[in-house]
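*Asks:* Return atomic coordinates for the entry below.
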Amino acid sequence: MAAPSRQGLDEAKLLAKVDLVTFDCFGTLVDWAKGLTTLGVEATRMPQFLAESIRLQRPSHRGAPFSSYRDVLTKVGHVLRPELDAARLSSWARAFGELPFFDDTVAALRLLGGVVDLGVISNCDVVHQLDVERRLGRPWDLCVTAEELGAYKPTDRAWDAAIARVIARGYELDHWIHVSAFDDYDLLPAGARGVRTAYVPRPGDSEPAPEAVDLRFSDLHELARTIAAHKRGPVAYEVEAETASADVAARYHAWMIGEHLGAVRACAGVRGAELLRLDERRFRASYRFRTHGAYERYLERDAPRLRARTGELFAPDEVAFRRSVVSVLAAT
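*Replies:* Numbering: from 1, shown residues only. Here you go, the predicted model:
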């Protein structure tokens, strides 16, 4: 289980109400040490890579123009491999969003994305996050990049602007957790601004300051399982329908595809609604909810209205329903 490090933190309450989990990307989700390998540089030179990156991201005078992450990486690459031509270095910098994920990233985010919104606050360009999204197989619910902010973490300008973006999207600070392997870039400045923080160790990082961390997890798998367990989800709600005849089945199928599934997907907390035809007269509809609370809200608020519509279109002897609830909380 996660181990809270700040006194007075009610872990269960925090995890039950969290709506948004954001991540640092490179070094937390993406194994950026592999970027040195692709450049033909030993991973032992990571401290030099970081030092040069920091120097270029934090110019010495206030009026210095912002440099894109691609430009920063190109210049860092030149320091590490001065014999390479500019085109090779620029191509390497552009491809940073293609670097491998850590082994736990994809499965953990797949589970976590079923119960909360997912976001990233990253020192990179927009194009790098487009590559990350594509490889994750899903878009971020919230994406904040240094390119958009015109500033790099951990500067006040970057973090103040990032938090303003999150609030502008309608999220509340006490319903948000930011996850990182780095206290200096992420956990300390986020925590200082009232954001709850979670630390996940990665190779080569250092032990964070105790005051930087609200929650600690051994890896992203544990983080995802723990939050999903507290959110009591995801939940799948299945409805089997048996129609009285082939004609009724045709009407039922057309209505489900043309109207009903879209109405269900529009309900708050619904992550998906699909229809499977079992045979000529039988169907199974599967509705996936983010959390058990969302499922209960659907049953109380939305299902009566949708069932009334069913009653308007089909007589009781035309369609027979059998309902069941299946928890689909994954262990991966």
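*Asks:* Buried residues of stretch 182-200, list them for me.
*Replies:* 182-183, 185-191, 195-200 (16 or more other Cβ atoms under 10 Å). Every residue, glycine included, has its C-beta placed from N, CA and C.
*Asks:* Out of the residues you listed, flag the one nearest to V235.
*Replies:* A198 (23.9 Å; Cβ to Cβ).
*Asks:* all helices of the stretch 1-150 of the chain, in order?
*Replies:* Counting by DSSP state H, counting those that start in this stretch, the stretch 1-150 of the chain has these helices, from start to end: 11-17, 33-38, 46-57, 69-80, 86-94, 105-112, 126-136, 146-149.
*Asks:* now the ones you listed as CSV including mean pLDDT?
*Replies:* Supplementary listing: the helices of the stretch 1-150 of the chain in CSV, determined by pLDDT from 0 to 100:
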stretch, mean pLDDT
helix 11-17, 89
helix 33-38, 94
helix 46-57, 94
helix 69-80, 97
helix 86-94, 96
helix 105-112, 93
helix 126-136, 97
helix 146-149, 96
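*Asks:* right, and those helices - which one's nearest D302?
*Replies:* The stretch from the helices of the stretch 1-150 of the chain with the least distance to D302 (Cβ to Cβ) is helix 11-17; that distance is 21.6 Å.
*Asks:* Pull out the buried residues from the closest one.
*Replies:* When neighbours are counted by 16+ other Cβ under 10 Å, the buried residues of helix 11-17 are found to be L14, L15.
*Asks:* Skipping its backbone neighbours, what lies nearest the residue positioned nearest the centre of the chain in space?
*Replies:* Geometric centre of the chain, nearest residue: L118, 2.6 Å, by Cα atoms, centre = their mean. Sequence neighbours aside, D141 is the residue nearest to L118 in space, at 5.5 Å (criterion: Cβ to Cβ, 6 or more residues apart in numbering).
*Asks:* now that neighbour: how far from G170?
*Replies:* 11 Å (Cβ to Cβ, to the nearest Å).
*Asks:* So between those two, which is more surrounded?
*Replies:* Comparing D141 with G170 by neighbour count (other Cβ atoms under 10 Å), the higher total belongs to D141, at 17 against 8.
*Asks:* ok, back up a step: columns distance to D160 on top of the helices of the stretch 1-150 of the chain, output as TSV?
*Replies:* Rendered in TSV, the data for the helices of the stretch 1-150 of the chain read as follows (distance: least, Cβ to Cβ, whole Å):
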stretch	distance to D160
helix 11-17	23
helix 33-38	28
helix 46-57	16
helix 69-80	20
helix 86-94	27
helix 105-112	26
helix 126-136	20
helix 146-149	9
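*Asks:* Can you tell me which of these is nearest to Y287?
*Replies:* The minimum distance between Y287 and the helices of the stretch 1-150 of the chain falls on helix 105-112, with 18.4 Å, by Cβ to Cβ.
*Asks:* name the helices or strands packed onto the closest one?
*Replies:* Here helix 105-112 touches helix 126-136, helix 220-231, going by 3 or more Cβ pairs under 8 Å, 6 or more residues apart in numbering; DSSP states H and E.
*Asks:* any idea of the angle the shortest one forms with helix 69-80?
*Replies:* Just to be clear, that refers to helix 126-136. Here the directions of helix 126-136 and helix 69-80 differ by 90 degrees (axes from the mean of the first three to the mean of the last three Cα atoms, to 10 degrees).
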